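Peer 1: Build me a structure from this.
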Amino acid sequence: MDRLFSYAFRPFFLLGIIYSMSAIILWILIWSGNLVLDWSRAPVHWHAHDMMMGLMAAAIAGFLLTAVANWASRPPVAGWPLAILVTFWLAGRLAMLSPTLSAMADGLFWLLLCMLVARELFSARNKRNYKVLAVLVALSVSDMLFHAGELQLLPDIDLQRVLWAQLWLVIVLINVIGGRVIPAFTGNWLRRRAPMGETVSPSKLPEPFGLVDQIAISLLLLFASSVIFQWPVAVAIPLGFSCFVAQCWRLLRWKFWLTLSDPLVWMMHLSYAWLVTGILLWTLSLAGVMSVSAAVHALTIGAITSMIVSVGARAALGHTGRALKSHYLLTCAIVLLSLAALTRIVAAIAGGQLWLEMATGLWVLALLCFAVRYVPILIGPAK
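Peer 2: Coordinates of the predicted model:
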């Protein structure tokens, strides 16, 4: 037990993966009419919320509480504080039939997570990452708004817009943090591959953070705001296309084509490419030529879940003293997730239960591949 709660990535990635496999199977049974539950919640809202606040919230907590120790040069959050946080998260998932209990557990989870991250950042005066804390607080507020709307405490709340706000906040978080770790990991990998004694030319490394990155992030914030606050399409559509172009430019600056020999590196680039694709599909949905569901699942399955698996694998290897080497099961997981995203997009466009069931099967198989390889590492001793 001490080992499990020695680092946040251990329990949160473990439980997040297991829960998401179970939740998606449960969802497809509900959607197909093969399972009817006696509850007061709208099933589609439960599905959307718990994929965000289930797998994705667990991944955010696991990553941030592990990373913040490095950012702040402090010991990792571990032991009882971590165990209590995990308990709140798990209670929110298990209380699915009771909106009230779920709201209480989620509220305590977000409150404690924000407090723990804030304590680490403020203690170290790590101002660079205050923006990450701001996104975390925004996610907390959005989740409380969702629960308040679901419980009819704020009956005028548009739950769909709140769910979209949660999704775009996670995308912003990936944009900020992914924009650091992807070029950094890529650059480190390229330097390690250089012959002994040779220095890698800057032209063969990812471009450093600069004006392009600032423009891409700013346009993403504006486009996300246009979606959440429903700006006129005459404004939102040009913003979306501009954001897509800027994010493409940003991704190309990281030189993904140099990483194709190592899945552990290129899978992060692939995850980000799905983020760029999701932005384009959402823009097309605003133009009326694409279902918004296609865009949502490009972002959730293709971008966010692939990034969770990519980062989770690196964390599991790096923080347990193992070599940063890929495994065929991890490669299979990433490929299957991309196939699941593609299949789910087809389901959104063409319709049909078969496509949904295929996407579900690919999702579960992908996460099962990850679990078979990494659960023993997550619960096992460091090397």
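Peer 1: From M21, how far out is the nearest residue to L14 once chain neighbours are set aside?
Peer 2: Spatial nearest neighbour of L14, excluding adjacent residues (CB to CB, 6 or more residues apart in numbering): L378 at 4.7 Å. In short, each C-beta sits where N, CA and C put it, glycine included. L378 sits 15 Å away from M21, going by CB to CB, to the nearest Å.
Peer 1: Return the backbone torsion pair for S32.
Peer 2: Here is the backbone geometry of S32 (degrees, to the nearest 10): phi -80, psi -10.
Peer 1: for L97, that is, sorry about that
Peer 2: According to degrees, to the nearest 10, L97 has phi -80, psi -10.
Peer 1: That one reaches L26, doesn't it?
Peer 2: No - L97 lies out of contact with L26 (CB atoms under 8 Å); the separation is 11.6 Å.
Peer 1: ok, these two, which is more surrounded?
Peer 2: A side-by-side neighbour count of L97 and L26, using other CB atoms under 10 Å, places L26 first with 17 against 13.
Peer 1: what about the closest residue to that one other than its chain neighbours, which SS state?
Peer 2: Spatial nearest neighbour of L26, chain neighbours left out: L35 (7.1 Å); criterion: CB to CB, 6+ apart. Per DSSP: H, G, I helix; E, B strand; the rest coil, the secondary structure class of L35 is coil.
Peer 1: Surely L35 touches W27?
Peer 2: No - with contact defined as CB under 8 Å, L35 does not count as touching W27 (9.4 Å).
Peer 1: Can you pick out the residue with more neighbours from these two?
Peer 2: Neighbours per residue (other CB under 10 Å) separate L35 from W27, with W27 holding more: 20 against 13.
Peer 1: Could you pull up the residues touching the more buried one?
Peer 2: P43, H47, T360 (CB atoms under 8 Å, 6 or more residues apart in numbering).
Peer 1: Can you give me the neighbour number for the second one?
Peer 2: If I follow you right, that is H47. 20.
Peer 1: Show the low-confidence segments of the protein, by residue range.
Peer 2: Counting by pLDDT under 70, the chain shows low-confidence ranges at 1, 197.
Peer 1: That one - how does it break down into domains?
Peer 2: Domain ranges of the chain: 1-157, 176-193+205-383, per automatic domain parsing.
Peer 1: could the ones you listed go into a markdown table alongside distance to L167?
Peer 2: Formatted as a markdown table, those follow (distance: least, CB to CB, whole Å):
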| stretch | distance to L167 |
| --- | --- |
| domain 1-157 | 7 |
| domain 176-193+205-383 | 6 |
